[in-house]
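1. Sharing a model that was predicted from the sequence below.
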Amino acid sequence: MRITLKHIADKTGYSISTVSRVLNGTNKISLDVQRRIVQVAEELEYPFNKNQIPMYSNGTKDIVLISELAHGEFYASAYTGYFNAAGKLDVNLSLISANQHEKSLFDIITARIQHQVDGIALFVPTMEHKDYKKLLEDLNKAQISIPIISNGLIENPILPTITFDGYSGGFVAAECFDQRNMKKVGIVKGPSGKAESSFRANGFKDYCMHHNLEVVWEVQGDFTFDSGYKSFESFQHSIQQPQGIFFSNDLMAAGFSIAATNAGLQIPRDVSVIGYDNLPVSYQLQPNLSSIETDFEELGRLSIQTLLDMIERKDRLRSTLSLVPVSLNRKKSVG
């Protein structure tokens with residue numbers, strides 16, 4: 001179906017002439033009306049030149065963040081960090097859903113370019129690794145005319161990639177156990193095939209290998225609360241029970257901690273626990289969960305600044321990798 005001015009007028013409640021005047025760049029209409037009409041025009045994918053609209057023509061760059069728009073603390077923290085960074089960098093940031101059933105992510109990205117955006121950031125952590133790699137390869141081959149950066153990690157990045165230093169996160173978690181003389185440790189990994197999962201696990205295991213810590217228990221999780229909860233059954237029946245366990249995210253650590261508490265164990269007396277992401281849930285658990293802290297505002301700042309630098313240099317595609325540092329926020333779940 002071809003989208004017309006009438007479709008936008010019907011959805012916004014404004015007249016066709018008002019819609020036309022806004023999209024053609026008149027400056028005699030209130031900012032609230034302009035914002036609403038532009039929002040609906042973008043949602044309906046009506047082609048127009050955003051830069052000719054007064055509120056967008058003051059030199060402020062227009063960046064689009066494409067993500068799954070999923071619920072939960074992880075996504076809420078990520079989006080808040082991005083929008084906080086955008087405000088400080090004086091950038092117009094729009095959040096666009098990657099979950100459009102009739103369209104591939106490649107089509108969604110190319111459709112955004114018709115709206116004269118200045119740059120695109122991709123934050124799609126649930127996308128399968130092989131699919132994400134193919135998407136980046138397709139974008140590279142298509143020679144997209146605007147800068148695009150990725151927050152998803154793949155081996156040998158194709159596009160500029162900004163992500164957290166997961167390897168160091170796992171390394172620091174093992175170091176914490178070592179400093180407390182815990183020589184028998186365990187790990188609950190994230191989904192197989194996810195580069196982030198592999199790097200976190202590799203950092204943990206590499207420290208253990210080089211510092212004489214023994215990984216006596218290892219379970220494959222999937223980043224969900226349920227997988228963490230279910231891992232406790234495996235823990236109960238393990239031949240050797242670890243003194244400390246590293247979970248590749250906070251949700252799995254929370255699931256395990258609640259299952260352990262329900263079974264009568266005390267954390268950290270019976271087992272110490274470290275999660276990853278330092279989400280609000282880490283403060284809601286009793287005892288509070290020690291966790292690898294990820295600074296989502298810094299991720300957003302570095303991502304947006306990279307796009308702004310690329311816009312300034314007219315540099316479209318560079319296969320660089322920038323790692324955002326992480327640190328351990330130690331709370332009461334480690335003895």
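-> On my side now, so go ahead.
2. what's the closest non-adjacent residue to I16?
-> A9 (4.6 Å; C-beta to C-beta, 6 or more residues apart in numbering). (C-beta placed from N, C-alpha, C; glycine too.)
3. Let me know the next secondary structure element after the helix or strand that contains E233.
-> Assigned by DSSP states H and E, E233 belongs to helix 225-236. Counting by DSSP H and E, the element after helix 225-236 in chain order, helix or strand, is strand 244-247.
4. Direction included, what does that next one pair up with?
-> Here strand 244-247 is paired, per DSSP bridges, with strand 184-189 (parallel), strand 272-277 (parallel).
5. Need the contact partners of that strand.
-> Here strand 244-247 makes contact (C-beta atoms under 8 Å, 6 or more residues apart in numbering) with 170, 173-174, 176-177, 180, 182, 185-188, 204, 217, 221, 228, 235, 253, 256, 271-276, 334.
6. how about the helices in this structure?
-> 5-12, 16-23, 31-43, 73-88, 105-113, 129-142, 166-179, 195-210, 225-236, 250-262, 281-284, 296-313 (DSSP state H).
7. outside of the fifth one, which residues touch it?
-> Contacts with helix 105-113, where a contact means C-beta under 8 Å, 6+ apart, come from 45, 64, 66, 96, 98, 100, 103, 120, 122, 124, 127, 135, 138-139, 142, 144-146, 148.
8. Can you mark which positions in that helix are buried?
-> For helix 105-113, burial by neighbour count (16 or more other C-beta atoms under 10 Å) applies to L105, I108, I109, R112.
9. roughly how far is that helix from the heart of the chain?
-> Centroid separation for helix 105-113 versus its chain: 19 Å, with C-alpha atoms, centre = their mean, to the nearest Å.
10. so it versus helix 31-43, what angle?
-> 140 degrees (axes from the mean of the first three to the mean of the last three C-alpha atoms, to 10 degrees).
11. Give the rounded mean pLDDT of helix 105-113.
-> Per-residue pLDDT over helix 105-113 has a mean of 81.
12. Repeat that for the third one.
-> Per-region confidence: helix 31-43 scores 84 on mean pLDDT.
13. One more: the last one?
-> On average, the pLDDT along helix 296-313 is 91.
14. got it, and the shortest one?
-> With pLDDT averaged residue by residue, helix 281-284 scores 96.
15. which strands and helices sit next to that helix?
-> helix 250-262 (3 or more C-beta pairs under 8 Å, 6 or more residues apart in numbering; DSSP states H and E).
16. how distant is the helix it packs on from the center of its chain?
-> How far helix 250-262 lies from its chain's middle: 23 Å, per C-alpha atoms, centre = their mean.
17. quick one: buried residues of that helix?
-> D250, L251, M252, A253, A254, G255, F256, S257, I258, A259, A260.
18. just for the stretch 201-335 of the chain, where's the confidence low?
-> For the stretch 201-335 of the chain, the stretches with pLDDT under 70 are 314-318.
19. Looking at the strands paired with strand 244-247, which one is packed in the most?
-> strand 272-277 (a mean of 28; mean count of other C-beta atoms under 10 Å).
20. by how many degrees do that one and helix 195-210 diverge?
-> Relative orientation of strand 272-277 and helix 195-210, computed by the same axes, to 10 degrees: 140 degrees.
21. Pull strand 272-277 out as CSV, backbone CA atoms only.
-> Extracted in CSV, the C-alpha atoms of strand 272-277 (Å, rounded to 0.1, in the frame of the first residue of the first chain):
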residue,chain,number,x,y,z
SER,A,272,29.7,-17.3,46.6
VAL,A,273,28.0,-15.9,43.5
ILE,A,274,29.0,-13.3,40.9
GLY,A,275,26.8,-12.1,38.0
TYR,A,276,27.3,-9.8,35.0
ASP,A,277,25.7,-6.5,34.0
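22. Any chance you could list what contacts it?
-> Contacts for strand 272-277 (C-beta under 8 Å, 6+ apart): 74, 77, 166, 169, 173, 176-177, 180, 182, 200, 243-250, 252-254, 256-257, 267, 282, 289-294, 328, 333-335.
23. ok, the closest residue to A260 other than its chain neighbours - how many residues close by?
-> In space, A260 comes closest to F232 once its chain neighbours are excluded; the distance is 5.6 Å by C-beta to C-beta, 6+ apart. Look at F232: counted by other C-beta atoms under 10 Å, it has 22 neighbours.
24. Wait, F232 touches A259, no?
-> Yes: between F232 and A259 there is a contact at 3.6 Å, judged by C-beta atoms under 8 Å.
25. Please compute how far stretch 62-69 lies from its chain's middle.
-> 11 Å.
26. ok, residues contacting that stretch?
-> Against stretch 62-69 from outside (C-beta under 8 Å, 6+ apart): 50-51, 56, 75, 78-79, 82, 86, 91-99, 105, 108-109, 112, 116-126, 304, 307.
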